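K.L.:
The sequence and its predicted three-dimensional model are supplied below.
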Amino acid sequence: MLVAFGVPLAVNLDQRATLQLETSALVDAQSIAARVGHENLQPRNGDVLNQIVGQAAQQVGGRVLVVDASGVVVDDSEGPGTIGALYATDGRPEIQRALAGLPASEIRYSADLQTDLMATAAPIQDEGRIVGAVRITQPMADVRADTRRQTFGLLAIGVAGLVAGLLLAFGLAGSFARPLRRLASASERLGEGDLSARAEDVGGAQEFEQLARSFDRMAERLERTVQAQREFVANASHQLRTPLTGIKLRLESAIDSASDEEQRRQLEAADREVDRLSEIVDRLLVMARQIEEGQSTRVDVGDAVTRAVARWEERASRLGATLLARGEGGAALGNAADLDQILDNLLDNAIAYAPGEITLESGREDGRVILAVRDHGPGIAPSELERVTERFYRGRGTPSGGSGLGLAIARELAEKWGGSLSVSSAEGGGTRVEIRLRPSTA
């Protein structure tokens, strides 16, 4: 953080200091040029010019040099050694610009002094004519040193503030962390299935106490809800088992006494559905316990496809549809009853709205277990593909009689186990509904 703020700060301070020096040097150069004037450039006034140049050098804290209109040095605060030398050269562009009538300033490196210099020049004018120029050179070392002092001073204040803030933060963190750790511990126990977990008195600020009381009220309501659910599932399972047993016995008796082959086949199909319903009822308690404990179940999609074909084959045949099963199956995380319901919803739609060849595909792809139903019907408009899984949505031109819930329920059941459902237009026409489930490693 200090580096992130310190570097831009140092650059900004250096730029401001340089700009201030440049502005001050331009003002000084023009002021000295006005004092020199045309008269003092004459040889007879050499002593006056030398005095002006000396005083100016002390005032600006640098070197002051005066050239005539041709760029030849006529006076130098550092002595007569350069008098008569041509200074209007490419290496001193500020003098060339000043002799052209433009005040100029630039920073460049001096090989003789081994440091950066700011060279500033201003023209000496007489009734609109350029009769010479004044140049000031000042070392940048003082500016750099001043910038460093300001930067280090501000950074030192920042470090001191940061240390003080850290010490204060550590002190406050302890008082904040303790009640939060107690709340987190109670939340973990509740999430792991301990419905008796409570935060109780966590201590700390009033807000933490309020949060703990809210958490305890929520945990209490959750415990009551789960207990009521457990009792309901147990009671429902018990109450449903008795009539289902009676229906099973009556169907078996009817099958034994059936004389017509078609009637026998229908009764056997009904008997199988009662077996399936009994299996679902028996599984209610197990499912409730698994959900309560946060566990997933293992389901084989290949077996689910086989069961679905057996359930729907007869109806498909009556409505002019053919069911085909392809693929290698695969073990996924989910629940067999949920998967059966997903397939029932998809096949119900396909047989009703797209009679013909309907293919059930299963397998693995990109680390997921795939289950898909593909038909060769009229398909779904591209603009409606993303909306058909919404509750109660029915596309344009859909025959009457449906509720618009089948695909929505299938999607929610897939997402319940960490999966997904997508609807797309199939290649060659028709619709493909694909379920992607997490693979089971058990």
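P.N.:
Received it, and whenever you're ready, just let me know what you need.

K.L.:
all helices for this structure, in order.
P.N.:
Counting by DSSP state H, the chain has helices at residues 2-36, 46-60, 93-99, 141-191, 206-257, 261-292, 301-318, 336-353, 406-416.

K.L.:
Confidence-wise, which of those helices is weakest overall?
P.N.:
Ranked by mean pLDDT, the helices of the chain bottom out at helix 141-191, with a mean of 67.

K.L.:
quick one, domains of the chain?
P.N.:
Annotated domains of the chain cover 2-139, 161-295, 296-437 [automatic domain parsing].

K.L.:
And the first one, how far out from the chain middle?
P.N.:
It refers to domain 2-139. Here domain 2-139 is found 56 Å from its chain centre; the criterion is C-alpha atoms, centre = their mean, to the nearest Å.

K.L.:
For the remainder of this discussion, apply numbering that starts at 8.
P.N.:
In the new numbering, first residue 8, that becomes domain 9-146.

K.L.:
Next up, the contacts around Gln103.
P.N.:
Gly78, Ala95, Thr96, Asp97 (C-beta atoms under 8 Å, 6 or more residues apart in numbering). (C-beta placed from N, C-alpha, C; glycine too.)

K.L.:
can you do 7 Å?
P.N.:
By C-beta atoms under 7 Å, 6 or more residues apart in numbering, the contact set of Gln103 is Ala95.

K.L.:
distance of it from Ala111?
P.N.:
When distance is defined by C-beta to C-beta, to the nearest Å, Gln103 is 8 Å away from Ala111.

K.L.:
Count the residues that sit near Gly436.
P.N.:
Neighbours of Gly436 under the rule other C-beta atoms under 10 Å: 12.

K.L.:
Glu368 versus that one, what's the distance?
P.N.:
Distance, Gly436 to Glu368, using C-beta to C-beta: 17 Å.

K.L.:
With Arg142 instead?
P.N.:
Counting by C-beta to C-beta, the gap from Arg142 to Glu368 is 88 Å.

K.L.:
between those two, which one's more packed in?
P.N.:
More crowded of Arg142 and Glu368, by other C-beta under 10 Å: Arg142, with 26 against 18.

K.L.:
Would you check that Leu354 makes contact with Trp319?
P.N.:
Yes - the pair Leu354 / Trp319 is scored as a contact, 4.9 Å apart, by C-beta atoms under 7 Å.

K.L.:
When those two are compared, which one has more neighbours?
P.N.:
Using other C-beta under 10 Å, the more surrounded residue of Leu354 and Trp319 is Leu354, with 24 against 20.

K.L.:
Now for the more buried one: which residues touch it?
P.N.:
Going by C-beta under 7 Å, 6+ apart, Leu354 touches Ala315, Trp319, Val380.

K.L.:
Please name the nearest non-neighbouring residue to the residue most central in space within the chain.
P.N.:
Residue closest to the mean C-alpha point of the chain, counted by C-alpha atoms, centre = their mean, is Gly425 at 21.7 Å. Once flanking residues are discounted, Gly425 sits nearest to Arg445: 4.8 Å by C-beta to C-beta, 6 or more residues apart in numbering.

K.L.:
these two touch, right, Leu197 and Ala226?
P.N.:
Yes - applying C-beta under 7 Å, one finds Leu197 in contact with Ala226, separated by 5.6 Å.

K.L.:
In contact with Asp75, which residues?
P.N.:
Leu48, Val81, Gly139.

K.L.:
do Glu29 as well
P.N.:
Contacts for Glu29 (C-beta under 7 Å, 6+ apart) come out as Ser112, Met125.

K.L.:
Gly69 versus that one, what's the distance?
P.N.:
For Glu29 relative to Gly69 (C-beta to C-beta), the value is 13 Å.

K.L.:
cool, and Val43?
P.N.:
The value you get for Val43 to Gly69, if C-beta to C-beta is used, is 16 Å.

K.L.:
So for these two, which sits in the more crowded spot?
P.N.:
Taking neighbours as other C-beta under 10 Å, Val43 and Gly69 compare with Val43 leading, 26 against 21.

K.L.:
Hmm, the more buried one is touching Val138, no?
P.N.:
No - applying C-beta under 7 Å as the test, Val43 and Val138 come out as separate, 9.4 Å apart.

K.L.:
and for those two, which residues touch both?
P.N.:
In contact with both Val43 and Val138: Ile131, using C-beta under 7 Å, 6+ apart.

K.L.:
so who does Val312 touch?
P.N.:
Residues near Val312 by C-beta under 7 Å, 6+ apart: Ala332, Leu367, Ser369.

K.L.:
distance of the closest residue to the last one other than its chain neighbours from Glu441?
P.N.:
This means Ser369. Residue nearest to Ser369 in three dimensions, not counting chain neighbours: Gly334, with 3.8 Å by C-beta to C-beta, 6+ apart. Gly334 is 12 Å from Glu441, where distance means C-beta to C-beta.

K.L.:
same question, Asp282
P.N.:
Distance from Asp282 to Glu441, by C-beta to C-beta: 30 Å.

K.L.:
Give me the more crowded residue out of those two.
P.N.:
Glu441 (19 against 13).

K.L.:
Please name the residues that touch the spatially closest residue to that one that is not a sequence neighbour.
P.N.:
Residue nearest to Glu441 in three dimensions, not counting chain neighbours: Ala379, with 4.3 Å by C-beta to C-beta, 6+ apart. Applying C-beta under 7 Å, 6+ apart, we find Ala379 in contact with Glu368, Arg439, Val440, Glu441, Ile442.

K.L.:
Just the ones of the residues you listed in strands?
P.N.:
Counted as lying in strands by DSSP state E, out of the contacts of Ala379, are Glu368, Arg439, Val440, Glu441, Ile442.

K.L.:
Pull up the per-residue confidence for the third one.
P.N.:
Going back to what we said before, that points to Val440. As predicted, Val440 sits at a pLDDT of 91.

K.L.:
and it, bridged to which residues?
P.N.:
With DSSP bridges applied, Val440 shows beta-bridge pairing to Val380, Val430.

K.L.:
circling back: ok, the contacts of Asp75 vs Gln37, which is closest?
P.N.:
Taking C-beta to C-beta as the measure, Gly139 is the one of the contacts of Asp75 closest to Gln37, at 13.1 Å.

K.L.:
Would you agree that closest one is in contact with Gly78?
P.N.:
No - Gly139 sits out of contact with Gly78 when judged by C-beta under 7 Å, with a separation of 8.9 Å.

K.L.:
tell me how far the ends of stretch 83-100 are from each other?
P.N.:
Its first and final residues considered, stretch 83-100 spans 18 Å by C-alpha to C-alpha, to the nearest Å.
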